[in-house]
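Chemist: whatever this is, show me its structure:
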Amino acid sequence: MPRNIFPFKISDDEPRTPLSVSPYNSRVVEHMLDSFDDAKNYKYVAFRPGYPLQAAELNEIQEYFYLEFSIIAFITNTWNAYSGTPAAQFEETDLQSYAGPFWDGATPIVPYDQIGYNTLLAEGTVNSATLPASISEIPELVDVTDQGDTIRVELKEGFYHASVTTGNDTVDNNFRYAIYYESIPETNVAEIEKRDNGKTYVGFSMTQSYISPSQFAGETALTDPSLNDNSSGFTNDVAAGARRVKFNFNRVVTTDTPAGVFGGGSPVNYNQNCIVLYIDHEQKKVRYGNGLPVFVQSTNGPGSFGGYE
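Modeler: Next up is the predicted model:
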């Protein structure tokens, strides 16, 4: 089954970008935008002394720039409609003000799925002309359900824009990238027990790694043979070029304040999680990192924006 590459529109039959064709041979489609291949999330072309420079590598730098720029522009347009004073339809009583996107964490490319946007359309909060895309195209990235005694949060595959949050002080420089999350069943869900106070933050664990074209003597990095020279129309396994720097979301994690737990109960520092949303147990609200209410579905009735029983 093809993966969701929204908001990009790349043909499944013949995926291509301006510089993916011969003789330019950019691998950005192959590495990020081919819906039948895994997303590799390469963010840097890491040139090294003593290794040849590939034309494809220079072309990839250009295409990665426009990929990042396109996602930033799309998120800005989609999320800024909700910044500022809360809309009356969200029934806010605490004068919570919503910032724009790109908080210190991970911002989904759209705040709501098809159910959420259809609810906003029915309430008159938005009209079809202001939607980020047609309803049928909008992906479901954040699925929150009130299950009675627990809140279930499922983060689904797709693009998120994230600040680097790995828990490693030498890596976490607050640079920000568009990262594709490849969801794996049982690692993309958190179930949080309801309580009367405190907050629970839900997000991703994140890693940075270096990827080499080939495993030569002395190489310790992970390898990807597709990074070898492709100027002849095929991959030359003895013509290595630059490494890549890769950022990945690994799984969904939770952090409670003041102390955190993850998985089997080992402590987690807030700074090790790339936060998407939080549950305010005292206010009985679910909000994104910028304060905007998350659409909460219910197993006992219609959903609502932010609130639960």
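Chemist: bridged to the nearest residue to G105 once chain neighbours are set aside, which residues?
Modeler: Distances taken as Cβ to Cβ, 6 or more residues apart in numbering place I275 nearest to G105, at 3.5 Å, with adjacent residues excluded. Where C-beta positions appear, they are placed from N, C-alpha and C, glycine not excepted. I275 has the following beta-bridge partners by DSSP bridges: G203.
Chemist: how many neighbours does P49 have?
Modeler: 4 (other Cβ atoms under 10 Å).
Chemist: for N25, same thing?
Modeler: 20.
Chemist: then the one 3 residues further on?
Modeler: Per other Cβ under 10 Å, the neighbour tally for V28 reads 22.
Chemist: kindly report the same for P302.
Modeler: Counted with other Cβ under 10 Å, P302 comes out at 8.
Chemist: state the distance from it to I115.
Modeler: Between P302 and I115 the computed distance is 10 Å (Cβ to Cβ, to the nearest Å).
Chemist: now do S231
Modeler: Separation of S231 from I115 (Cβ to Cβ): 48 Å.
Chemist: with L155 instead?
Modeler: Counting by Cβ to Cβ, the gap between L155 and I115 amounts to 16 Å.
Chemist: between the two, who's got more neighbours?
Modeler: Between L155 and I115, counted using other Cβ under 10 Å, the more crowded position is L155 (26 against 16).
Chemist: just list whatever residues bridge to the more buried one.
Modeler: V142.
Chemist: ok, now Y42?
Modeler: K246.
Chemist: that one contacts V245, correct?
Modeler: Yes - assessed by Cβ atoms under 8 Å, Y42 is found in contact with V245 at 6.9 Å.
Chemist: between those two, what contacts are shared?
Modeler: Taking Cβ atoms under 8 Å, 6 or more residues apart in numbering as the contact rule, Y42 and V245 both touch I211.
Chemist: tell me the pLDDT of F234.
Modeler: On pLDDT, F234 comes in at 73.
Chemist: can you pull out the strands in the protein?
Modeler: Assigned by DSSP state E, the strands in the chain fall at 42-46, 106-108, 142-146, 150-155, 158-163, 176-181, 189-193, 199-212, 222-223, 243-256, 273-280, 285-288, 295-298, 301-305.
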